[in-house]
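> Below: sequence and its predicted model.
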Amino acid sequence: METPDWARTWIGSSTADSITVAGRDLPALMGRMTLTELAYLLITRREATPEQVRLLDAVLVSLADHGLTPSALSARLTYTGAPESVQGAVAAGLLGAGRVLLGPAGDAAEFLAGALAAGHESLEEAARAAVAARRSSGARIPGLGHPTHKVQDPRVPRLYQLAGELGLIGPHLRLLQVVAEVSGLGLPINGAGAAGAALADLGVPPASVRGFVLIGRTAGLVAHLAEEAEHPIGRSLWAEVERRSSGPNEPGPNEATPPPTPNEDEPPPVSP
């Protein structure tokens, strides 16, 4: 009986003496194609133009790191408890990509794509209808507002400037600007929202945007873990939280119950 031919993938395959990725010989791609170009090819099934590569790289750079955010803290604290599991610490940081941080890139892309698909005659009509629908349901408007950058997210004007110089401002980026104007909330466009709009304009499927941006954040998390290995702050953060969470008559960890002594192969803790 013939085996059903359903377990196939275009993404990659290998034999005893060859590896194929995206229908191409992998060794031939090495040194010719960047990781950004390969990721775009794998997700969209087409090669990026030089202009698209510049904007894609800018988006990934814009989301690589934002300081000691919850994702970075998750990674560092996971590493504190399991320094043998760098992959687990990176995964812990990536799991925090949700509707507040990082996730708005994907949420904005899907929100804008849905508004454009509704068939309104103008971007303003599309924006007003989409905003009204979100507000009537009590949902936040993706791509607007930032917990730190209350007036302007400094990444946003640069992304729009670069997209304009490259001739890559498309309907998603334009619609996001109109959404911010008609929302009546006075909230700035955030970097994740602009990134999501830019990726959608570049042809990344909106449902894949949240995953695509994690390529950039992974680099930032690995950097945090490399720094944590040399200059750890996780153990001190743990101790400080324990101290602050102790009751008024209860000794903190520094007074009575210090964190466990590190293993001999672990770097000694230092103050942040």
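That came through, no problem.

> Check which helix or strand the spatially closest residue to Val204 that is not a sequence neighbour maps to.
Counting by C-beta to C-beta, 6 or more residues apart in numbering, the nearest residue to Val204 once its immediate chain neighbours are dropped is Phe212, at 5.5 Å. In short, each C-beta sits where N, CA and C put it, glycine included. If you go by DSSP states H and E, Phe212 is part of helix 206-230.

> tell me the mean pLDDT over whichever helix or strand comes after that helix?
The C-terminal neighbour of helix 206-230 among helices and strands, as given by DSSP H and E, is helix 234-245. In this model, helix 234-245 carries a mean pLDDT of 92.

> Buried residues in helix 234-245, which are they?
Buried residues in helix 234-245, counted by 16 or more other C-beta atoms under 10 Å: 234-239.

> Check which helices and strands it sits against.
Counting contacts by 3 or more C-beta pairs under 8 Å, 6 or more residues apart in numbering; DSSP states H and E, helix 234-245 is packed against helix 70-81.

> could you redo the last one with a cut-off of 10 Å?
helix 70-81, helix 206-230 (3 or more C-beta pairs under 10 Å, 6 or more residues apart in numbering; DSSP states H and E).

> And those: which comes nearest Arg140?
Counting by C-beta to C-beta, Arg140 lies closest to helix 206-230 out of the helices and strands packed on helix 234-245; the figure is 15.8 Å.

> Which of the residues in the closest one are classified as buried?
Applying a neighbour-count criterion of 16+ other C-beta under 10 Å, the buried positions in helix 206-230 are 206, 209-218, 220-222, 224-225, 228.

> which other helices and strands contact it?
The contact analysis (3+ C-beta pairs under 10 Å, 6+ apart) places helix 206-230 against helix 35-44, helix 50-62, helix 70-81, helix 86-94, helix 104-117, helix 191-201, helix 234-245.

> Out of those helices, which gets nearest to Leu168?
helix 50-62 (5.3 Å).

> which parts of that closest one are buried?
Of the residues in helix 50-62, those with enough neighbours to count as buried (16+ other C-beta under 10 Å) are 52-60, 62.
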